[in-house]
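J.: Here's my sequence, what's the structure:
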Amino acid sequence: MEAKIDNNLAPVILFIYNRPHHTRETLAALNQNLLAGQSVLYVFADGPKENATAADLDLIQQARAVVREKQWCKDVILIERDKNMYLEDNIIDGITQVINKHGKAIMLDDDLITSPYFLQYCNDGLQVYEHDKQIFSINSYMLPIDFETGPETFLCPVATSSTGWATWADRWKLFEASPAEIPEIVADMYLQNRFNVGLMDKMYMLTQMHTWDIRWYYTAFIRNGLGVFTTKSLIFNIGYDGSGTHKGGEDFIQELYTEPMQVTYQQTINLKHYSKLLNFVKPDLVSKKQKLKNIVKRLIGYKP
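T.: Numbering: from 1, shown residues only. Sure thing, here's the model as predicted:
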């Protein structure tokens, strides 16, 4: 299947640090995407920490060297940080730089294997929902849930994801770097229940972890935003091996859908799919809640 030439494709932003093997796997999969040869790739390479060892510095340089190995996309622009900005600032600054220039962008981390149709799906979603301001994010990752339907997209109040996603400049401009209404949510049980997803405890993430992605979720939440999701995941995360900021240890089934994913415009939430998502992330026993928190931390790359 040949890709149709499109000069209005969204640029891809990849964030890397010190994992050359993961970076190579991610870039190799991206290179196999249907639209890779027409897409611009920005790579933001975070710099060394103050106490970096010689081994740390070597890994950082190796990861950057991987980016230079070949022409992974139509154009590859490598931004090398002199000092460590930490995960949060590197991502926020990188997205802001690129999205303000291009009006939209697709985001990847250095441990995400993409379906060959990942870029096509993201670009289709950005085009289909461009003028629907209630949609905050085009999301490509999905938990292994049996939705009892064929591969399709659906709207969901969860709205955002940090694992292979895309958005527009006008929505990213609303990003709440310092959420002001946390006390209101904390004080009201019903708002907390609405803010949380099953027992994923997003309130804990907002008040204790304060990561960029929970602030992005908050941004959509206070505006009653929605997200586009797929019933089949176009992303496979290879970072669950204890490397980097992602944690390993728990058994976690993943699936990668490698066929085209058609994006059709919808105006309403798919309540059946939303219900299945909520029930999937809700443990059968309260004792499993901490394990689920650990999975959440791992998914968002949290490191205390």
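J.: how much space between Leu155 and Asn279?
T.: 18 Å (CB to CB, to the nearest Å). For the C-beta atoms, the positions are set from N, CA and C on the backbone; glycine is no exception.
J.: and the two? which has more neighbours close in?
T.: Leu155 (22 against 10; other CB atoms under 10 Å).
J.: Quick one: distance of the helix or strand the more buried one falls within to the chain centre.
T.: With secondary structure defined by DSSP states H and E, Leu155 is part of strand 153-156. When distances are taken as CA atoms, centre = their mean, to the nearest Å, strand 153-156 is centred 16 Å away from the chain's centroid.
J.: Please list the outside residues in contact with it.
T.: 125, 135, 226-231, 261-264, 266-270, 273-274, 277 (CB atoms under 8 Å, 6 or more residues apart in numbering).
J.: pLDDT (mean, whole number) over that strand?
T.: The average pLDDT for strand 153-156 rounds to 98.
J.: Kindly report the same for stretch 173-189.
T.: If you average the pLDDT over stretch 173-189, you get 94.
J.: Contacts for that stretch next, please.
T.: Contacts of stretch 173-189 (CB under 8 Å, 6+ apart): 92, 191-192, 195, 203, 206-207, 215-216, 218-219, 222-223.
J.: Alpha carbons of the strand holding Leu155, in PDB - could you do that?
T.: The C-alpha trace of strand 153-156 is given here as PDB (Å, rounded to 0.1, in the frame of the first residue of the first chain):
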ATOM      1  CA  THR A 153     -12.200   4.600  17.300                       C
ATOM      2  CA  PHE A 154     -14.300   6.000  20.000                       C
ATOM      3  CA  LEU A 155     -14.700   9.200  22.200                       C
ATOM      4  CA  CYS A 156     -14.000   8.900  25.900                       C
END
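J.: Quick check: next helix or strand after that strand?
T.: strand 165-168.
J.: beta partners of the nearest residue to Leu226 once chain neighbours are set aside?
T.: Residue nearest to Leu226 in three dimensions, not counting chain neighbours: Leu155, with 4.8 Å by CB to CB, 6 or more residues apart in numbering. Note on Leu155: beta-bridge partners by DSSP bridges are Val228, Ile269.
J.: what do you get for Ile138?
T.: Ala166, Val228.
J.: From here on, call the first residue 18.
T.: Sounds good: first residue 18 from here, last item Ile155.
J.: okay, it: pLDDT?
T.: 98.
J.: tell me the contacts of it?
T.: Ile155 touches 138-139, 142-143, 146, 182-184, 244-245, counting by CB under 8 Å, 6+ apart.
J.: just Asp110 next, same as before
T.: With CB under 8 Å, 6+ apart, Asp110 has these contacts: 61, 102.
J.: The same query, at a cut-off of 10 Å, please.
T.: Residues in contact with Asp110 (CB atoms under 10 Å, 6 or more residues apart in numbering) are 61, 96, 98, 102.
J.: mean confidence score for the helix or strand harbouring the first one?
T.: Secondary structure here is read from DSSP H and E; on that basis Phe61 sits in strand 57-62. Rounded to a whole number, the mean pLDDT of strand 57-62 is 98.
J.: Over to stretch 40-47?
T.: Here the average pLDDT along stretch 40-47 is 98.
J.: where along the stretch 18-167 of the chain do the strands fall?
T.: 29-33, 57-62, 92-97, 121-126, 129-131, 152-156 (DSSP state E, counting those that start in this stretch).
J.: neighbouring strands for the second one, and are they parallel or not?
T.: In other words, strand 57-62. In the sheet, strand 57-62 lines up with strand 29-33 (parallel), strand 92-97 (parallel) (DSSP bridges).
J.: Looking at those strands, which one is packed in the most?
T.: Sort the strands paired with strand 57-62 by mean neighbour count, taking mean count of other CB atoms under 10 Å, and strand 29-33 sits at the top with a mean of 25.
J.: For the stretch 118-267 of the chain, just list every one of the helices.
T.: 135-145, 186-189, 199-203, 206-212, 219-221, 229-238 (DSSP state H, counting those that start in this stretch).
J.: Tabulate those (JSON lines), appending distance to Ile255 and mean neighbour count.
T.: JSON lines is the format used below for the helices of the stretch 118-267 of the chain (distance: least, CB to CB, whole Å; neighbours: other CB atoms under 10 Å):
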{"stretch": "helix 135-145", "distance to Ile255": "15", "mean neighbour count": "24"}
{"stretch": "helix 186-189", "distance to Ile255": "27", "mean neighbour count": "18"}
{"stretch": "helix 199-203", "distance to Ile255": "34", "mean neighbour count": "14"}
{"stretch": "helix 206-212", "distance to Ile255": "30", "mean neighbour count": "13"}
{"stretch": "helix 219-221", "distance to Ile255": "25", "mean neighbour count": "17"}
{"stretch": "helix 229-238", "distance to Ile255": "19", "mean neighbour count": "23"}
